[in-house]
Each structure stands twice: as C-alpha cells, then as structure tokens.
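Asker: Predicted model, plus sequence, below.
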Number of protein chains: 2
Amino acid sequence: MKPIQVGLLGLGTVGSGTLRVLTQNSNEITRRAGRGIQVVRACAREFDADAIGSALDGIAITEQPEEIVNDPDIDVVVELFGGMEPARTLIFDAVVNCKHVVTANKALIAHYGNEIFQAAQENRVVVAFEAAVGGGIPIIKALREGLVANRIEWIAGIINGTGNFILTEMRDKGRNFADVLADAQRLGYAEADPSFDVEGIDAAHKLAILAAIAFGKPLQFDKVYTEGITGITPEDVEYAEQLGYRIKHLGVARHAQTGIELRVHPTLIPERQLIANVNGVMNAVLVKGNSVGPTLYYGAGAGADPTASAVIADLVDVTRVLTAAPEHRVPHLAFQPDAIWEFPILSMSEVKTAYYLRMRAADRPGVLAEVAHILGERGISIEAVVQKEPASGVTDVPLIMLTHRVMEGQMNEAIREIENLDTIRDSVTRIRVESLGEN
Amino acid sequence: MKPIQVGLLGLGTVGSGTLRVLTQNSNEITRRAGRGIQVVRACAREFDADAIGSALDGIAITEQPEEIVNDPDIDVVVELFGGMEPARTLIFDAVVNCKHVVTANKALIAHYGNEIFQAAQENRVVVAFEAAVGGGIPIIKALREGLVANRIEWIAGIINGTGNFILTEMRDKGRNFADVLADAQRLGYAEADPSFDVEGIDAAHKLAILAAIAFGKPLQFDKVYTEGITGITPEDVEYAEQLGYRIKHLGVARHAQTGIELRVHPTLIPERQLIANVNGVMNAVLVKGNSVGPTLYYGAGAGADPTASAVIADLVDVTRVLTAAPEHRVPHLAFQPDAIWEFPILSMSEVKTAYYLRMRAADRPGVLAEVAHILGERGISIEAVVQKEPASGVTDVPLIMLTHRVMEGQMNEAIREIENLDTIRDSVTRIRVESLGEN
C-alpha cells in the first residue's frame, strides 16, 4: 500500500525531531500503523540540513507553504511553525482542501480551536493536537478516550517545563528567580523572551485545552486567570518546605458546584503528593475522575524527540483511520497481526541487574574481604557495604551489600560460593536492584 | 439513534460497579460517545440487588450466559466472570457470533489472548481489555496508541495493588509480611487465597500483556519469571531504606540486546524515583520509549469503580466505532460537537483555596492576635503559624501562616485590612495552597 503522504510545515527543533524519529523508528512505526508514513514535502526558510542528515532524503523542500497545503497528493499536513500567522491560515486552507492536520501549536488551538474544529468537522478531516499539551505525554488521548467514563472533577498540571525547571533549581540550590532564569536561558531551557513561560501564558494555553476536553465546554483561553512565577522568592520556597509543602506552578481546572475554575498560578502542594516530586523540565498532569479517582500522567513536556513522539502518535492515528477497517483500527496487540514477531526470551541467568545482598557473618576480621574476593573474581563490583555492630552477646553480624550490574548467572555462582564460607551462616538473601534509568 | 445493546456476564464487584458508573455518569458518557450505552441483559447466579439498586432497572437477569452470547440483539458482551471457564468458551462464542467483547480478564488474555485475538480478527470484532492491566489507568491505550512512535526499551510496573499495599505497610509500620497480609485479608484488599497476588502470578499475567503490546510479540505468560513478596523481611525493608531505596514488587519487561527480559520480583529502586513513592493499593507503570524518554502512568489498579472506568472506556471505544465516521470517531474536544456546553467560569474572587501568607511584622506582642482577629472575623481559620526570631538588631520578624480554604474575595479583603495594620510592613505575600484531594 502506498505510504501516507505527509507535508511538513517547519523544520525547526520539533520538525527535524519528527523527521529523525520517523526515520529511526520507521520499522516499529510501520509495524504498528500498518502502512508507511512518508514526508514528501517540507517547508522552511532556514534549517540545519547537516543536523537532520539522511532523514531529509527524498523530501522536496520549499519556501512556499501554500505548495504544501494545496498539493493534491498530500494526505496530512503537519503544522510545526507555531504562533498565529501564517499557521492559522495554512491550517484552515489545509482543512478546506480536505487534508488531515497534525499540529503542536497550543497557542493557536487555545485561541482558534473552536473555529478550526468546526471547519474540520464540516470537511470530514481530523485536526490532531496531542503534542500541544504535555509534550510526549499522551494526556489528550487519556482525557478524550481513556477517562470517558468519568465526570472529571478537576485537573492539576505542571504543564510548563521551563517554569518547573526554575522552581526546582530555586528549591534545590536556594537560588533566586532571576539567577536561575539567566542560567535556564543559557542552557536553552528558556527563550530569550521568557514571558510566555514565566508569566504563565504558555501554561494557560494548555490549561484552556485540557479544560475544554475534560468538561465538554468551548476553548476559553481568555477566561483563564494567569499568574506567573516571577514573584516567588527563595524565602517562600524555604518556608513552604518547612511546612511540608513544595511550590509548583500549576494549571488548575475544577468543576466546582457554581461553575468552572480556570487558573494558572504558583501553588503550595503537600510534599507527599507524587506531583510535588515532579522535578526539572518534566511535566505531569493529575486528573481526578469521579469513577477512577486520581490518575497521574508524567513525562517530558518539551524537547524535540518527546514532542515528535506525540506528533507521530497523531500521524499514526490518522494513518490507521485511513487504512484499516474501523473495528481493527488499533490492532489488539498494538502491532499489526502479521507484524507480531517472536523474540528470544532471556532466562534469569542471562538477565543483568544490580543486587542487594544480606548475609549473617561471623563477627571476625577478614569476612568482608573473603566475600569481596569471591565477588571480585567474577567481576562483580561493590557499590555500598553496610556492616552492623553485633548485638551484645551475639557473635554474628548482618552484612549488607549493594553490587553493580552483573549477569544473574554469575551472581548465582558467587552466592553459592559465599554460602560455602565457614564465616557465613544460613543462606544469602538476594534482592534485585533496578535504577530505572538512573546511573 | 438506538443505544448500543450490551450484555453483561457477571454482577460481582466490577459488574455492579460498571452498572453503577454507567447510570451515574450516563449524561457525560453519552455526550462523549454520541450514543447511549444500554445494558439489556446480565448473567449472574447470585448478586446483591439492593447494593446495585436502580441501575438494575430494565435489565433482564439470566443464569444462562449462553442466552447473552447468542442474543442477536446484543452488540457487545462484557465479560466479568474472570477465570478460565466458562469465560473462555463464552468469549469465543461471542466472537464467532460477531459480537464485540470487553473483558477485564487478565488471566484469560495472558493465557489465551493469541487465539482470542485471531478469532476476533477473522470475525471483524474488537476484543477490548483495558481493564485487564492497571485497573482504571489507561495504560493499554497509552502503549497501543499514545507511544506508537517509540521503540519501547523497557517497562517497569507496580501492577498488583495488594502486593504494594503489603510492602507499603511493612515499610511505614515496620511490620512483618504475615501480619500485614492478615490485615489486608480482613480489609478485603487480599483474597482468602492470596497466592495470585503475593506469589506474583497476577502481576505476571499483566506483565505478559504489557510486554506483548510494547514489543510486538505474542503473549507468553509461561515465559515470565515470577517471584513473590513472601520472603521480604522487615530487616530488608529497613536496610534498603538506609541505603536510599524502597522495595517494590515490580513487573519488568526489557528489550535487551540479546533478547527480551520478562520478570516479576521484589526490587530495590532509588527513593528519588517517582515510582518508588507509589504507595498503598495504587498502581503505576513506568515506560521508557526511545523517543519520548520515561513516562509514568499512575492510578487505582483495582476496585469496582476504577475498573468500571476502564471497562466503560472500552465500551465507548466500541460505541464510537459503531456510530461515527472513522475520522470523527473521537470528537476533537472529547464531547460530540452538539454536546459542548457553556458553563459559568468563576472569577478568582469566587474561587475557594487555602492560602500561604507571609508578612513582615513588628516584633512586638499582640501582632499575631491582630492578624488572627482579622482573619477570624471573615471565618478564615488558621492551620499553621511560623513565627521566626528576629535577626539581631532587626525590629521586624517574618510571620508565616497557612489558612484553611476560603473564598478568594474574602481573603483579598482580609489581606487589605492586614496591610493597613501599623504593625505590618510592606505588602502581604500570598500563595494559594492546593491539597489535591488530601484533607
């Protein structure tokens, strides 16, 4: 089957990320979508061809976006220009030309979504915007589909990564707002004009979108109360801490009895709450449904590849609609039935993890050295040791170790040998350790 | 349009929860689905009619499940019997009769999913199973649709609520496994035969499902290495803590270079990790995609209403497929275009939150009383006060307060009056406080 033909408006950070991810993961994407996804034309004035590399092969570049939205061979237009114009006109043109649209443009959707969706409805096309909120977190899908059984009571989200990075740095290092902002600008986490982020406007765009979807009401960006983080001082961060709270910049939408609250402002939240522990540039959205209770969605809220992940999820959604029978739009096991592969499943002895070991050792010099020797012979390095004082009158002491990662087969052999030592009582307790992406 | 006709197999906890949520939220569900969802027949030997109440109205009850899977008027069969037989035969019969199926039956999917999905494919029906993993968390949808752009590198999930409850109690209270298990059984969090939960079998069912979807491989429950939590001692929990870790019962699926790891076992994870702080009966799944990075999905992993939330999400998915044009299966704003309503948006003065207040006060007796009096006059009660010693040679002290919830208009008036006090310097810093569901 002919691949879906995509026209790309914009080759900046997210545009080039989208090309890179489409190329790098084309195998998995096609196995899931049931059809290739091919970017045939892209529009950009300037772009970094070297950085994009071979992902540009076969793509016709133009400086005229109209050539893309009017190209009869293009099925889907991906709008990554951002901002109001020309993005707005181009999206309307694409829709009127009966092209599906995928966009990451939160400002545009927040301001003009009502009109855009009506035009899409009339022209029987999809305008998809997963990337507009929460970067790679599939929060739009969770709200529009996953939580449909619920009356949504409220949403509270950390939906601006720059703001969260600044507040996290202020807390971790006791620094003031202006210093951290300057750093963030140097690191590329904040724009030269940071007002959209630090004044809460970007978060207000996203909150307007989340609230419309949660409550079934129009997009009403102009009704969002918006307060930024520029007034937060190191003292407030510290006092909040002493009281058991963290200061986070939240977007809150609540279905109260008398109406709906739409507000973006700094907020103290109890440090026990999971969302209080979402740090740095990460985003998270906490959604309270009346049937499911609280659910939370966490991930990278910005960045080229995470945003590309959401853009491509929308592209696959459209591809599946245009390709499969409706009832088999999404394959049962995510991948097309003829693209389910067999992989070797590793036995536990082939699995590599770190280990926690606990043993009862004779309280006598040299025991630790003996155990360390057995581990060392197998290339198992020790990350931490805890040796407890013996209780009075007891000759055994607990010896606890954390090791670095090693193949379980190796560890099993080492444990057998340790258990054979005269100085070790009973068996060794072994629990696996996973750093989950930390080093 | 005639409502979708549903036949329900099972009126136990999840079955009656499904009826209750369908009734209670029927307005929002219909606005989203574009069509009513009506349970017309239900099968159960015994059930608690009083507990279900009016949600049973109009439902024909039968003891013969065949009457449901063979009823030509039924569009969708919801299988909530659980276990192997008769659920397995009934699902195959429903599929052969070209009925869509929604099931929460993780054991059945883990064991027979490959055959069931093949039959569904041949008969052009959907077999949906969001409720099989992670209760109300839309994790199947996130993996099958939200993260399609990614090569999934690994998944690590707390996917058994009973096990997590036990480990949380052991840590919080320093208690041993057997005592906590007995409590959990008394509270109804653990079955009389707890082996599925504490031996890891239930988690292995779920992991087999997640891994198949993540990697595009067949369901292989028999290949999952499974180790329970029965051997975890209070000492290990405490030593782990001292080393900066928590012990969690994880299901891990990893796409390693040489093959795939499928394993369920107790695991030490760094306490800084969000998932290390998922406590009690809550579930969470951490998914690492090569483009999106780490994402996490958190919520209630069991219980009548959360599981019903997932069952109904699947029912709405099927309803949308049977009702709307494919490209408008999911409405842009989640609710059907003609079901978008206007709600009053509250001004900030009408919004109720708690507050953090910080002010500079003269270091002189009676200041706190003055401030408290102003707040008290407006019914604003104080939850905590921090008063700092003045620095030497300074006559002002910082005064910090947390208040209970109050309408912002009231608080604004109080702040104006406080700022007029002779004993208060400058303006009052005010930051809103959200407990996010805590009391």
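Answerer: Cool, the structure landed.

Asker: Leaving out chain neighbours, which residue sits closest to A:Asn279?
Answerer: Nearest-residue entry for A:Asn279: A:Thr168, 4.5 Å, with adjacent residues in sequence omitted and distances by Cβ to Cβ, 6 or more residues apart in numbering or on different chains. From N, CA and C alone the C-beta is placed, and that goes for glycine too.

Asker: List the contacts of the helix or strand in which that neighbour is found.
Answerer: Following DSSP states H and E, the helix or strand that holds A:Thr168 is helix A:161-173. When contacts are taken as Cβ atoms under 8 Å, 6 or more residues apart in numbering or on different chains, the neighbours of helix A:161-173 outside the stretch itself are A:135, A:158, A:175-177, A:180-181, A:183-184, A:189-191, A:194, A:197-198, A:200, A:202-203, A:228-229, A:232, A:234, A:237, A:241, A:246-249, A:266, A:278-283, A:300-302.

Asker: Which among those count as buried?
Answerer: Of all the contacts of helix A:161-173 considered here, the ones buried according to neighbour count by 16 or more other Cβ atoms under 10 Å in any protein chain shown are A:135, A:158, A:175, A:177, A:180-181, A:183-184, A:189-190, A:194, A:197-198, A:200, A:202-203, A:228-229, A:232, A:234, A:237, A:246-249, A:266, A:278-279, A:281-283, A:300-302.

Asker: Okay, and which of those map to helices?
Answerer: Using DSSP state H, the subset of those located in helices is A:177, A:180-181, A:183-184, A:197-198, A:202-203, A:234, A:237.

Asker: Out of these, which two are the most distant from each other?
Answerer: When Cβ to Cβ is used, the two most widely separated members of these are A:Asp202 and A:Pro234, lying 23.7 Å apart.

Asker: Just give the nearest non-adjacent residue to the most centrally placed residue in chain A, would you?
Answerer: For chain A, A:Gly299 is the residue whose C-alpha lies nearest the centre (Cα atoms, centre = their mean; 2.5 Å). For A:Gly299, the nearest residue in space outside its immediate sequence neighbours is B:Thr295; the separation is 3.5 Å by Cβ to Cβ, 6+ apart.

Asker: Just list what the strand or helix carrying A:Ala414 packs against, helices and strands only.
Answerer: A:Ala414 belongs to helix A:408-419 when elements are defined using DSSP H and E. Helices and strands touching helix A:408-419, as assessed by 3 or more Cβ pairs under 8 Å, 6 or more residues apart in numbering or on different chains; DSSP states H and E, comprise strand A:352-362, helix A:367-377, strand A:424-433.

Asker: So for chain B, which of those sits nearest?
Answerer: Relative to chain B, the nearest member of the helices and strands packed on helix A:408-419 by Cβ to the nearest Cβ is strand A:424-433, separated by 4.3 Å.

Asker: That closest one packs against which elements?
Answerer: Judged by 3+ Cβ pairs under 8 Å, 6+ apart, strand A:424-433 is in contact with strand A:352-362, strand A:396-403, helix A:408-419, helix B:234-242, strand B:259-270.

Asker: again, only this time at 7 Å
Answerer: Strand A:424-433 sits against strand A:352-362, helix A:408-419, strand B:259-270, with contacts defined as 3 or more Cβ pairs under 7 Å, 6 or more residues apart in numbering or on different chains; DSSP states H and E.

Asker: chain center to stretch A:41-57, what's the gap?
Answerer: Chain-centre distance of stretch A:41-57: 25 Å, with Cα atoms, centre = their mean, to the nearest Å.

Asker: Rounded mean pLDDT for that stretch, please.
Answerer: Mean pLDDT, taken over the full extent of stretch A:41-57, equals 93.

Asker: mind checking the end-to-end distance for it?
Answerer: In terms of Cα to Cα, to the nearest Å, the two terminal residues of stretch A:41-57 are separated by 11 Å.

Asker: ditto for stretch A:273-284
Answerer: End-to-end distance for stretch A:273-284: 12 Å, by Cα to Cα.

Asker: Please apply the same query to stretch A:194-208.
Answerer: Using Cα to Cα, one end of stretch A:194-208 lies 20 Å from the other.

Asker: is any part of that stretch close to chain B?
Answerer: No: Stretch A:194-208 lies out of reach of chain B by Cβ under 7 Å from any Cβ of the partner chain, never closer than 10.7 Å.

Asker: Off-centre distance for that stretch?
Answerer: The gap between the average C-alpha position of stretch A:194-208 and the chain average comes to 19 Å, counting by Cα atoms, centre = their mean.

Asker: any residues touching it, and which ones?
Answerer: For stretch A:194-208, the external contacting residues (Cβ atoms under 7 Å, 6 or more residues apart in numbering or on different chains) are A:106-107, A:110, A:132-133, A:159-160, A:162-163, A:181, A:185, A:190-191, A:219-221, A:224, A:226-230, A:249, A:251, A:253, A:262, A:264.

Asker: Of those, grab the buried ones for ChimeraX.
Answerer: Only the buried members of the contacts of stretch A:194-208 enter the following ChimeraX selection, criterion being 16+ other Cβ under 10 Å:
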select /A:106,107,110,132,133,159,160,162,163,181,190,219,220,221,224,226,227,228,229,249,251,253,262,264
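
Asker: looking at it, A:Met411 is touching A:Tyr355, isn't it?
Answerer: Yes: here A:Met411 lies in contact with A:Tyr355, judged by Cβ atoms under 7 Å, at a distance of 5.7 Å.

Asker: Can you name the residues that contact A:Gly134?
Answerer: Listed by Cβ under 7 Å, 6+ apart, the contact partners of A:Gly134 are A:159, A:283, A:285, A:297, A:299, A:301.

Asker: distance of the nearest residue to the second one once chain neighbours are set aside from B:Glu241?
Answerer: So that's A:Asn283. The spatially closest residue to A:Asn283, leaving aside those adjacent along the chain, is A:Gly301, at 2.9 Å (Cβ to Cβ, 6+ apart). The span separating A:Gly301 from B:Glu241 equals 31 Å under the rule Cβ to Cβ, to the nearest Å.

Asker: same question, A:Val281
Answerer: Going from A:Val281 to B:Glu241 by Cβ to Cβ gives 29 Å.

Asker: and the closest residue in space to A:Ile269 that isn't next to it in sequence, helix, strand or coil?
Answerer: Excluding the flanking residues, the one nearest A:Ile269 by Cβ to Cβ, 6+ apart is A:Ala276, at 4.8 Å. On the three-state scheme (DSSP: H, G, I helix; E, B strand; the rest coil), A:Ala276 is labelled helix.
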